[in-house]
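**Q** output the structure for:
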Amino acid sequence: MIKATNDNIWVTRDVAATQEGGIMIPDAAKPKVHRGKIITVGDLVSDKTISVYRTAIFNKSAGFEITEAGIEYTILKQMDVIGTDD
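**A** This next block holds a predicted model:
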């Protein structure tokens, strides 16, 4: 199990909505979604609205991506999260 450290927040991005009309769009051409499910939160995150299983909304250029065990994660800092959604 992955555990975030310091003020890091690990999220999995939501899947981009598919376009209707039968056109196949490759994953690389799909726009990135700027929200994702929070998987783990570091001990130094002071904002209590940022918690596991909530949805984080973040800036386009926030964080960086890594792949662990075949799952793509985006690693954010607390200040990258601009809001949460239940």
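**Q** flag the shaky bits of this structure, pLDDT-wise.
**A** 16-33 (pLDDT under 70).
**Q** neighbours of the closest residue to Asp86 other than its chain neighbours, how many?
**A** Of all residues not flanking Asp86 in the chain, Arg54 sits nearest, at 6.4 Å (CB to CB, 6 or more residues apart in numbering). Any C-beta I mention is one placed from the backbone N, CA and C, and that applies to glycine too. Other residues near Arg54 number 15, with proximity taken as other CB atoms under 10 Å.
**Q** His34 now?
**A** The burial count for His34: 16, using other CB under 10 Å.
**Q** check Leu44 too.
**A** A count of nearby residues for Leu44, using other CB under 10 Å, gives 12.
**Q** against Ala62, how distant is it?
**A** Distance, Leu44 to Ala62, by CB to CB, to the nearest Å: 17 Å.
**Q** and the gap between the residue nearest to Asp86 and Arg35?
**A** 10 Å.
**Q** hang on, the earlier thing: for the residue nearest to Asp86, grab phi and psi.
**A** phi -80, psi 170 (degrees, to the nearest 10).
**Q** about what we covered before: overlap in contacts of Arg54 and Arg35?
**A** Common contacts of Arg54 and Arg35 (CB atoms under 8 Å, 6 or more residues apart in numbering): Asp85.
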